[in-house]
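Chemist: need coordinates for the following:
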Amino acid sequence: MLLLGLSLFIAAGLDPMVAWLHRRMPRPLAVLLVILLGLLLTAGVADLVVPVLVREITALVNALPHYFKELNDKSSFIGRFNDRYHVERTIRDALTKRSSSIATGILGVGRAVLGALASTVVVMVVSIYLLFDMPRFKRLIYGLAPRSRRARTVLLGDQIFAKVGGYLLGNIVISVVTGLGTWVWCVIFGVPFPLLLAVLVALFDLVPVVGSTIGGIIVAGVSLTVSLPVAIATVGFYLLYRFLEDYLLAPRIMRRTVDVPGLVTVVATLIGGVLLGIIGALVAIPVAAAVKLLLEELAAPRLEQR
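Modeler: A predicted model of the protein is given here:
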């Protein structure tokens, strides 16, 4: 049920683009064009990023012996940290005593990865089917309204679908800004693997509430290889950026793409996250936009007549 809801959310977000193309070509061709554009965009990003990521991951693997060597070098920060907190010995003991638990954990991670891949394929397939059949799906939903109010229902429903599309666009823009900010920070302070970290943070930032926090923790952990002050500064950078994203960047972008006031954006995200977790935070802003639209179009005129 959750996967079906997520598929409907994605299809509703892409439907405005398909509808715009549908004015110039048949709908099946418009859907195929949107899918093709998505594949081309994914391929372009992969062609641009993957070679650099492979190079940076290879450099990371090659650098591991150097980091292990520094663990025993008491003149380096990592060595002093290891000497004080016995990191190497703790890791070695954990690997020795919990080899079976680690194997079980690896199997669990493998199952989780396979499950995530299967869920992704299901969501993609269902979303494509919904995109092709969205007009019929809308007619089914709109047909539940009384005949006398059906035209009004169609108008409001189409506006709500358009706001979902605007929300997805705004969320992607915020993630791109987050990734660029991460890349600039890593380049300025010499944090290793800047592009890899920027891509990871941008992907994590697509997840509301906790995404950018998880990305910031990863970058702060990698920045420890530079120095402790850089790691502390990185933590401060992400705390500041999280504040600016939640209370300045996201409200401004969502006000333009979804037409929801900044205060409503913040409050809706917080309430959705508390009630339903990540999924609640994901759908909170489109739901708030829909409620705002219904209040303006239905409740406000009735109050004015009294």
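
Chemist: only C-alpha atoms for contact and neighbour calcs from this point on.
Modeler: Noted.

Chemist: quick one, longest helix in the protein?
Modeler: Using DSSP state H, we find that the single longest helix of the chain is helix 27-71.

Chemist: what is it packed up against?
Modeler: helix 2-22, helix 77-85, helix 99-132, helix 194-205 (3 or more C-alpha pairs under 8 Å, 6 or more residues apart in numbering; DSSP states H and E).

Chemist: what is the subsequent helix or strand relative to the third one?
Modeler: Scanning the chain past helix 99-132 towards its C-terminal end, the next helix or strand to appear is helix 134-142 (assignment: DSSP states H and E).

Chemist: report the angle between the axes of that following helix and helix 27-71?
Modeler: Counting by axes from the mean of the first three to the mean of the last three C-alpha atoms, to 10 degrees, helix 134-142 lies at 100 degrees to helix 27-71.

Chemist: hmm, back to that, and the longest helix of the chain, average pLDDT?
Modeler: The average pLDDT for helix 27-71 rounds to 78.

Chemist: quick check: angle from it to helix 2-22?
Modeler: 120 degrees.

Chemist: now helix 27-71 against helix 194-205, angle please.
Modeler: With the same axes, to 10 degrees applied, the angle from helix 27-71 to helix 194-205 works out at 120 degrees.

Chemist: gap between helix 27-71 and the chain center?
Modeler: 16 Å (C-alpha atoms, centre = their mean, to the nearest Å).

Chemist: what's the spacing between stretch 207-214 and its chain's center?
Modeler: Worked out by C-alpha atoms, centre = their mean, stretch 207-214 lies 8 Å from the chain centre.

Chemist: give me the contact list for it.
Modeler: The contact list for stretch 207-214 (C-alpha atoms under 8 Å, 6 or more residues apart in numbering) reads 201-202, 204-205, 238, 242, 269, 273, 278, 281-282.

Chemist: distance between the ends of that stretch?
Modeler: Length of stretch 207-214, first residue to last, C-alpha to C-alpha, to the nearest Å: 10 Å.

Chemist: what sits against residue 123?
Modeler: Residue 123 neighbours (C-alpha under 8 Å, 6+ apart): 3-4, 6-7.

Chemist: so how many other residues sit close to residue 140?
Modeler: 11 (other C-alpha atoms under 10 Å).

Chemist: tell me how far it lies from residue 253.
Modeler: Separation of residue 140 from residue 253 (C-alpha to C-alpha): 32 Å.

Chemist: can I get the contacts of residue 123 in TSV with neighbour count and distance to residue 57?
Modeler: Converted to TSV, those look like this (neighbours: other C-alpha atoms under 10 Å; distance: C-alpha to C-alpha, whole Å):
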residue	neighbour count	distance to residue 57
3	15	32
4	13	35
6	18	32
7	23	33
